[in-house]
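Asker: Make a model of this:
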Amino acid sequence: MPDLIPKLLIGGEFRAQTTLEPLRVINPCTEELLWTAPRGGAAEVEEALHHARAALKIWSKVHGWERAKVLRGIARAMEARKGALARALSHEIGRPIAQSEGEVLIAIEQFDWFAGEAERLFGETIPSRQGGRLATALEPVGIVAAFTAWNFPINLLARKIAPALAAGCPIICRPSEQTPLTSTLIAEACAEGGAPAGTVQMLFGPAETITPLLMAAEEVRKISLTGSTRVGQMLLAEAAKTVKRCSMELGGHAPVVICEDADVDNAAALCALFKFRNAGQVCIAPNRFYVHESLVERFGSGMVKAGEALVLGDSQDRATTMGPLTLASQRDRVEALSADTEASGARRLTGGRRPANHN
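Answerer: Down below sits the predicted model:
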C-alpha cells in the first residue's frame with residue numbers, strides 16, 4: 001500500500017512525522033518491516049487536549065440530529081475506504097483478507113446505528129409525588145480517552161468513536177501501535193465525514209508514554225478501554241484519582257461445558273470455529289473445555305478435524321483461512337505454553353509446533 005502512510009490526527013491536522021523516533025510496524029506474515037508511523041509524546045498529548053477542550057465547547061452544543069448527519073457521513077466515508085481498510089488490517093495483524101473485510105462492514109454499521117441513537121437522546125419528565133414535574137436532560141460527559149487493542153482494530157475504534165460523537169463528546173484515541181495505518185484510515189473517514197477539528201484525534205505511541213498523560217488530565221472525564229484485566233485494574237485505579245467515568249471491555253476466561261446429552265459433533269464444530277477465529281486472538285475465545293467423559297474422544301476428534309482443515313498462509317491470499325499470531329512475543333508465549341503442557345502430562349492430538357513451510 002505504497003500510497004498510504006500512517007499519520008497522527010491532532011486538531012484537524014494530519015501529521016506524518018514528529019520529532020520523536022518513528023514506530024516500526026512489522027508484517028506478522030513475513031516478519032519484515034511494513035512501514036513506520038509517527039510517534040506521539042508529551043507535546044502531542046498536550047496539544048490534543050488543547051484542541052479537545054476547544055471542540056467540547058462547540059460539539060456539545062450541536063443538536064443530536066446534526067451529530068447524526070456527521071456519523072452517517074463517517075459511515076459513507078468508511079464505505080469508500082473499505083477495501084483499503086481491510087488490506088491495512090490484514091497486513092498489520094495478519095488476519096486473512098476475507099475476514100478483515102467482514103470487520104470493516106461491522107464497523108460501518110456502528111456509525112449508522114449510533115447516528116440513530118444521537119437522534120433519540122431524550123430526557124425524561126417524571127411526575128413528582130409532591131406535585132409538579134421533575135425533568136431530566138442528557139448532557140455530554142466531556143472529553144473521552146479511548147485505548148484499544150490490535151486484535152479488532154477497526155471495530156474497537158468504531159465502538160468508541162461513534163458513541164462518543166453521538167453523545168456530544170470529543171474523543172482522543174490511542175490505538176495499538178501495531179495498527180497505525182488502519183487507525184489513520186478511520187481518522188481520515190471521520191474528517192471527511194464531517195467531524196469538526198478536535199472532535200476525533202488519533203495518537204500513536206507506547207502506552208507507557210501516552211496513557212499516563214491522558215489519565216492524569218483533569219479535563220478527560222471518561223475513559224474507554226479494550227484490553228487485559230491487568231491493564232483495566234491499573235486504569236481503574238488511576239481513574240479514581242480524578243473521578244473519571246470508565247467503560248471496560250476486558251479479557252475473559254470462562255469455560256465451555258459439554259454435557260452428556262449435547263450434540264457433540266455440532267459442539268465440536270462451533271467450539272473450533274470460535275477457538276480458531278483470528279488465530280485465537282479474541283478476548284472471548286474459549287480456552288478451557290470441560291467435556292463429559294463419554295464424549296471426550298469424539299469431541300477431541302471433531303476439534304482435530306476442524307483444526308487440520310484450516311489453511312495457513314499469507315493474509316493477502318484469499319485461500320488462507322488462518323494467518324499467523326500477530327506478535328512474535330505472543331507466538332513465543334504460545335510455544336512455551338504448549339511445551340509446558342505436554343511436559344506436564346498432556347496428550348497432543350495435532351499441531352503443537354510451527355508448520356515447517358510457514359516458519
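Asker: Give me the residues contacting the lengthiest helix in the chain.
Answerer: When the chain is parsed with DSSP state H, its longest helix is helix 97-118. Residues from elsewhere that reach helix 97-118, judged by C-beta atoms under 8 Å, 6 or more residues apart in numbering: 64-65, 67-69, 71-72, 74-75, 78-79, 82, 85-87, 89-90, 95, 152, 154-155, 157-159, 162-163, 165-167, 186, 193, 278, 315-318, 320. C-beta here means a position set from N, CA and C on the backbone, and glycine is covered the same way.
Asker: and with 7 Å instead?
Answerer: With contact meaning C-beta atoms under 7 Å, 6 or more residues apart in numbering, helix 97-118 is reached by 64, 67-68, 71-72, 74-75, 78-79, 82, 85-87, 89-90, 152, 154-155, 158-159, 162-163, 166, 315-316, 318.
Asker: what about the helices in the stretch 1-150 of the chain?
Answerer: 42-59, 64-80, 82-93, 97-118 (DSSP state H, counting those that start in this stretch).
Asker: Now those in TSV, please, with extra columns for mean neighbour count and distance to Leu225.
Answerer: Shown next, in TSV, are the helices of the stretch 1-150 of the chain (neighbours: other C-beta atoms under 10 Å; distance: least, C-beta to C-beta, whole Å):
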stretch	mean neighbour count	distance to Leu225
helix 42-59	19	17
helix 64-80	20	22
helix 82-93	23	19
helix 97-118	20	17
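Asker: Looking at those, spot the one closest to Gly142.
Answerer: helix 42-59 (6.4 Å; C-beta to C-beta).
Asker: Go ahead and name everything in contact with the closest one.
Answerer: If you take C-beta under 7 Å, 6+ apart as the criterion, helix 42-59 is touched by 8, 10-11, 18, 142-143, 168, 170, 172, 196-199, 201, 203, 210, 213-214, 217, 219.
Asker: What's the mean pLDDT across stretch 203-218?
Answerer: Per-residue pLDDT values over stretch 203-218 give a mean of 96.
Asker: Name the residues of it that are buried.
Answerer: Residues of stretch 203-218 classed as buried by neighbour count (16 or more other C-beta atoms under 10 Å): 203-205, 209-211, 213-215, 217.
Asker: and it, how far from the chain's centre?
Answerer: Between the centre of stretch 203-218 and the centre of its chain there are 17 Å (C-alpha atoms, centre = their mean, to the nearest Å).
Asker: surely Ile10 meets Gly198?
Answerer: No: the criterion here is C-beta atoms under 7 Å, and Ile10 misses it with Gly198 at 8.6 Å.
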